[in-house]
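Chemist: with the sequence up front, the predicted model follows.
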Amino acid sequence: MKVLVVGGGGREHALAWKIAQSRRVAEVIVAPGNAGTALEPKVRNVPVAADDVEALLKLAREAHVGLTVVGPEAPLAAGIVDRFIANGLRCFGPRKAAAMLESSKKFAKEFMERHGIPTAAHRSFTDFDELKAYVESRGAPIVIKADGLAAGKGVVVAQSVAEALAAAESMLESKAFGVAGTTVVVEDFLAGEEASFIAMVGVDGAILPLATSQDHKARDDGDRGPNTGGMGAYSPAPVVTDAIAVRVMREVLEPVVAGLRQEGVRYHGFLYAGLMIGPDGTPKVLEFNCRFGDPETQPILFRLKTGLVDLLDAALDGKLGKAKIDWDPRPAVGVVMAAGGYPDKYRSGDEVSGLPAAPLANAKVFHAGTGRDASERIVTRGGRVLCVVGSGRDIREARAEAYRLVHQIRWEGAQYRTDIGYRAVARLAE
Ligand code: AMP
Ligand code: GLY
């Protein structure tokens, strides 16, 4: 069978790498892929953009693709799954109507309210004066979110009313996020520790939770600096104890899938709940993503022992409820190496050196924003360039393994955090 992976980031490199390990898979096509996917055995890049649904459909038909997995949110929000299913193709991901859980924060918040799913109190606004009155009545800290997709950058956790109003004003009036900013969601600040809880949902509504993880969204050490798409992640996240995981399934994921079904929407695909775990262990939803996380995918799939293709097939055949999933008990840490300037305007085209020549037992470099220049050198082509994953007997060893490799890799202006996994390391010390 041939499998198509849609996307070109670190998540898609990890998906393609894992899928290519299946003996049932003859070839993995990645559209558009990156310099890392091009190097994997059995993997081939095709230069079709991840959001060009019609070109992807043509590619899948002409190449006789038996299964498609969609990485990023844009093609999901554009209805790629509906188009593929309508053409008789197997495609793992939510339909457009279900992808609204991610593509509209307003929809997600109102959906959670309707179904009693725990989340911060909120209101949505299109009018600045009404928003101002509400923000003043709630006080700070308070959170301002642009409705719609803004690549993880449409959220401001404001420490003062003035900061909140300035952020809201720029989203509403200067349309800093384009159409994404025409509605602004204001929500209460939640204290606690964040975790990513990602599951696979089958066509019959069965939910298979994957290993837990935590990502680091802020650019700088100590979770400071601007928000990014994610500067690193590790798995498992010890903040999500077994008891909390049971609660998340019961209080969040099961009501989401059942609630959508009640509203006539069948969700299938990866489903990602971004959670704030309160000091008393109560999980509350910060956001939903209708896809696998990036960079969470990289450490999570590094730990997955079960064949991913078997799980994807089980989900699409309505057999996920009976599926078994095995994990390497050793933790994995993924450190993102980003281009200078990211998440703002960043450098591009810098040569990447020091990449390992042969596969390693306890580490793996997943590419994200990389490509080849005219003389075939591997160069930076995006904000997040690589995700270097290391695994070890405990989180500290896993982290050391990842950073050992990070320190060998170089390019002009490269930046990365030096503290990925610090909360889990602190727990270990306790
Ligand atoms: P989101 O894209 O909605 O997940 O928000 C991005 C980041 O902003 C989250 O990962 C949190 O760090 C932070 N954040 C969002 N909403 C809240 C909230 N209600 N309380 C505290 N922090 C939040
Ligand atoms: N790591 C957060 C995300 O994928 O949105």
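Modeler: Arrived safely, thanks for sending. Ligands and ions are numbered 1, 2, ... in the order given.

Chemist: where does the stretch 101-250 of the chain get nearest to ligand 2, which residue?
Modeler: Gly230 (3.6 Å; C-beta to the nearest ligand atom). Placement of C-beta: from N, CA and C, glycine included.

Chemist: how far away is that residue from Arg303?
Modeler: Gly230 sits 17 Å away from Arg303, going by C-beta to C-beta, to the nearest Å.

Chemist: also Arg393?
Modeler: In terms of C-beta to C-beta, Arg393 sits 13 Å off from Arg303.

Chemist: between those two, tell me which one has more neighbours.
Modeler: Arg303 (21 against 11; other C-beta atoms under 10 Å).

Chemist: quick one: the strands in the stretch 1-150 of the chain, in order.
Modeler: Applying DSSP state E, counting those that start in this stretch to the stretch 1-150 of the chain gives strands spanning 2-7, 27-32, 43-45, 67-70, 91-92, 122-125, 142-146.

Chemist: winner for burial among the ones you listed?
Modeler: Mean neighbour counts were taken over those using mean count of other C-beta atoms under 10 Å, and the top value, a mean of 27, falls to strand 2-7.

Chemist: give me the residues contacting that strand.
Modeler: Residues from elsewhere that reach strand 2-7 (C-beta atoms under 8 Å, 6 or more residues apart in numbering): 12, 15-16, 19, 25-31, 33, 37, 50, 56, 59-60, 63-72, 75, 80, 309.

Chemist: partners of it in the sheet?
Modeler: strand 27-32 (parallel), strand 67-70 (parallel) (DSSP bridges).

Chemist: which of the strands of the stretch 1-150 of the chain sits closest to ligand 2?
Modeler: Nearest to ligand 2, of the strands of the stretch 1-150 of the chain and by C-beta to the nearest ligand atom, is strand 2-7 at 11.7 Å.

Chemist: is ligand 2 contacted by the closest one?
Modeler: No. Strand 2-7 lies out of reach of ligand 2 by C-beta under 6 Å from any ligand atom, never closer than 11.7 Å.

Chemist: distance from the chain centre to that strand, please.
Modeler: Averaged C-alpha coordinates place strand 2-7 at 17 Å from its chain's average position (C-alpha atoms, centre = their mean, to the nearest Å).

Chemist: cool, and stretch 49-57?
Modeler: Worked out by C-alpha atoms, centre = their mean, stretch 49-57 lies 20 Å from the chain centre.

Chemist: tell me the mean pLDDT for it?
Modeler: For stretch 49-57, mean pLDDT is 98.

Chemist: re earlier: joint contacts of Arg393 and Arg303?
Modeler: Arg330.

Chemist: wait, the residue of the stretch 101-250 of the chain closest to ligand 2 sits on Asp215?
Modeler: Yes. With contact defined as C-beta atoms under 8 Å, Gly230 reaches Asp215; the gap is 4.6 Å.

Chemist: tabulate the strands paired with strand 2-7 in CSV, adding columns for mean pLDDT and distance to Val333.
Modeler: CSV is the format used below for the strands paired with strand 2-7 (pLDDT from 0 to 100; distance: least, C-beta to C-beta, whole Å):
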stretch, mean pLDDT, distance to Val333
strand 27-32, 98, 25
strand 67-70, 98, 24
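
Chemist: for those, give me CSV that also has distance to ligand 1.
Modeler: Output for those, formatted as CSV (distance: least, C-beta to the nearest ligand atom, whole Å):
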stretch, distance to ligand 1
strand 27-32, 25
strand 67-70, 20
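
Chemist: do you know which of those lies nearest Phe270?
Modeler: strand 67-70 (8.9 Å; C-beta to C-beta).

Chemist: interface residues of the chain facing ligand 1?
Modeler: Going by C-beta under 6 Å from any ligand atom, the residues of the chain near ligand 1 are 120, 143, 145, 152, 155, 157, 187-190, 194, 217, 227, 274, 286-287.

Chemist: contacts for stretch 239-250 next, please.
Modeler: Counting by C-beta under 8 Å, 6+ apart, 193, 195, 197, 207, 209, 212, 214, 273, 275, 277, 281-283, 423, 427 sit against stretch 239-250.

Chemist: among these, name the ones in strands.
Modeler: The strands, defined by DSSP state E, take in 193, 195, 197, 207, 209, 214, 273, 275, 277, 283 from those.

Chemist: count the neighbours of the fifth one for me.
Modeler: Pro209 has 17 neighbouring residues, counting by other C-beta under 10 Å.

Chemist: quick check: the gap between it and Gln408.
Modeler: Applying C-beta to C-beta to Pro209 and Gln408 gives a distance of 35 Å.

Chemist: now swap in the first one and tell me
Modeler: Computed with C-beta to C-beta, the distance linking Glu193 and Gln408 is 32 Å.

Chemist: ok, the second one next?
Modeler: Separation of Ala195 from Gln408 (C-beta to C-beta) stands at 30 Å.
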